[in-house]
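Asks: Predicted model follows, preceded by the sequence.
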Amino acid sequence: MNIRARATLAANHGLITRPQLMDAGVSTASIKNLIRRRALVIVRRGVYADGEMWDSLPSARERHRLRTRAATIHMRRDFVLSHDSAAYELGLEILEPPRPLVHVTRFGVTGAWTRHGIKHHLAPFGREQKVALGDLQALDLARTAVDLAREHGQPYGEIACDAALRLGVSRRALEDAVTAMASWPFVTRSRLAVDFAQPGAANVAETMGRLLVAELGLGEIDTQFPVEIDDGRVVWGDLRVGCHIFEVDGKVKYTPVEAGGVATSPITEVVWEERKRERAIRREGLGVSRIIYADFWEPQRTAALIRLREEYDDTAARYGTDLPERLSRNAARLRDRRPA
């Protein structure tokens, strides 16, 4: 590519259209050659990305953001990014749906249609719900979270609403966003997601773990439960019901930092410390179950529910179903001391 084409790529987030390439003096034959050599990658028809930049994108989130810019590059009518596309731009942690689309919303009576990988929504929204994101605009975090719930249902909505609370959105803001949708299609999904939402879930997996435990019907689920173990350290259980802790484990815990994980010690040390931690929790009069990502989906989900129920029942037989006053009092004290 010549300097003019590279300058256009640099000025447009690594994207360039076919007319822009032609204006820069790149011939049709040269465009085909650049694509063949992967110097250019087709993002959508007539829009290309710098191949090296595309291959270096670290996540599906970043690729979706580039696809969003490619999809909206020729749009002339006013629109705002919404749903999945707004979530990626706003930094809202979500579960990617099976069929990722670019989502845009225009003000109007509720309706939607999909064309060429873009889902166009017509819906009312307030001026205060718009957020400026450089050269783009998006609906805000609260509206985006409840839109995702209405669009995709469970567990996508619960994950989005938990993530919104985690980012500082108030429950009142989520409730207000749902109230404005009183007669919209599938609004019940949004109401259920907001009712379920808690800020204590640290990530997508912990929300999905809470949904799994909720399906057991054991009672109120407490998130991020602190326990002071015998060596004076404080450990935090992901989920608690009664005297039982449910820990949600992901591979990221056991993957070295240099490979994209969070493990700063050899895997043997990580697992050994985990086992000692679990033993210390049990000495405090609490049972422990472990949940992995595969447990969230069939065919493993049904078996996981049976196993978790059996483990909870075993704890209840040993220690009862009510948290001892000592542990409850200590948890309140430790939470008061925890930095915001």
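Replies: That came through, no problem.

Asks: where in the chain is pLDDT low?
Replies: Applying pLDDT under 70 to the chain flags residues 260-261, 339-340.

Asks: Give me the secondary structure label for residue 323.
Replies: coil (DSSP: H, G, I helix; E, B strand; the rest coil).

Asks: okay, now it: neighbour count?
Replies: Around residue 323 there are 20 other residues, counting by other Cβ atoms under 10 Å. Any C-beta I mention is one placed from the backbone N, CA and C, and that applies to glycine too.

Asks: same question, residue 244
Replies: Residues lying near residue 244 (other Cβ under 10 Å) number 25.

Asks: for it, what are its contacts?
Replies: Counting by Cβ atoms under 8 Å, 6 or more residues apart in numbering, residue 244 touches 286-289, 311-312, 315-316.

Asks: Residue 97 now?
Replies: Counting by Cβ under 8 Å, 6+ apart, residue 97 touches 84, 152, 156.

Asks: 6 Å - rerun?
Replies: For residue 97, the contacting residues are residue 152, by Cβ atoms under 6 Å, 6 or more residues apart in numbering.

Asks: of the contacts of residue 244, closest to residue 40?
Replies: Using Cβ to Cβ, residue 289 comes nearest to residue 40 of the contacts of residue 244, at 50.1 Å.

Asks: Just give the closest residue to the residue sitting nearest the centre point of the chain, not the sequence neighbours.
Replies: Closest residue to the average C-alpha location of the chain: residue 94 at 2.2 Å, with Cα atoms, centre = their mean. In space, and not counting its chain neighbours, residue 94 is closest to residue 87: 4.8 Å by Cβ to Cβ, 6 or more residues apart in numbering.

Asks: Kindly export the helix or strand harbouring the one you found (C-alpha atoms) in PDB.
Replies: Using DSSP states H and E, residue 87 sits in helix 83-90. What follows is helix 83-90, C-alpha atoms only, in PDB (Å, rounded to 0.1, in the frame of the first residue of the first chain):
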ATOM      1  CA  HIS A  83     -27.200  -3.700  22.800                       C
ATOM      2  CA  ASP A  84     -24.000  -5.700  22.200                       C
ATOM      3  CA  SER A  85     -22.300  -3.000  20.200                       C
ATOM      4  CA  ALA A  86     -22.900  -0.400  22.900                       C
ATOM      5  CA  ALA A  87     -21.700  -2.800  25.600                       C
ATOM      6  CA  TYR A  88     -18.400  -3.400  23.800                       C
ATOM      7  CA  GLU A  89     -17.800   0.300  23.400                       C
ATOM      8  CA  LEU A  90     -18.800   1.100  27.000                       C
END
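
Asks: Name every strand pairing with whichever helix or strand comes after it and say which way it goes.
Replies: Downstream of helix 83-90, the next assigned helix or strand under DSSP H and E is strand 102-106. Strand 102-106 has the following strand partners under DSSP bridges: strand 80-81 (antiparallel), strand 118-122 (parallel).

Asks: and these as TSV, adding distance to residue 253?
Replies: Output for the strands paired with strand 102-106, formatted as TSV (distance: least, Cβ to Cβ, whole Å):
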stretch	distance to residue 253
strand 80-81	33
strand 118-122	35
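
Asks: Among those strands, show me which one is buried the most.
Replies: Neighbour counts (mean count of other Cβ atoms under 10 Å) averaged over each of those peak at strand 80-81, with a mean of 24.

Asks: From the chain's centroid, how far away is that strand?
Replies: Relative to its chain's centre, strand 80-81 lies at 19 Å (Cα atoms, centre = their mean, to the nearest Å).

Asks: now do stretch 123-139
Replies: 20 Å.

Asks: Next one: the nearest residue to residue 318 once chain neighbours are set aside from residue 307, what distance?
Replies: In space, and not counting its chain neighbours, residue 318 is closest to residue 287: 7.1 Å by Cβ to Cβ, 6+ apart. Remark: distance between residue 287 and residue 307 (Cβ to Cβ, to the nearest Å) = 13 Å.

Asks: the more surrounded of the two?
Replies: More crowded of residue 287 and residue 307, by other Cβ under 10 Å: residue 287, with 21 against 15.

Asks: is it true that that one touches residue 313?
Replies: No. In this structure residue 287 lies outside contact range of residue 313 using Cβ atoms under 6 Å: 9.5 Å.

Asks: quick revisit: out of the strands paired with strand 102-106, nearest to residue 19?
Replies: Among those, strand 118-122 comes nearest to residue 19, with 19.7 Å by Cβ to Cβ.

Asks: Run the angle between the closest one and helix 83-90 for me.
Replies: Between the axes of strand 118-122 and helix 83-90, defined by axes from the mean of the first three to the mean of the last three Cα atoms, to 10 degrees, the angle is 100 degrees.

Asks: what sits up against the helix or strand just after strand 118-122?
Replies: Under the assignment DSSP H and E, the closest C-terminal helix or strand after strand 118-122 is strand 130-133. Applying Cβ under 6 Å, 6+ apart, the contact partners of strand 130-133 are 80, 89, 137-138, 140.

Asks: Adjacent strands (with direction) for strand 130-133?
Replies: strand 136-139 (antiparallel).

Asks: buried ones in the partner strand?
Replies: 136, 138-139 (16 or more other Cβ atoms under 10 Å).

Asks: and of the residues you listed, the nearest to residue 303?
Replies: Looking across the buried residues of strand 136-139 and measuring by Cβ to Cβ, the closest to residue 303 is residue 139, at 39.5 Å.
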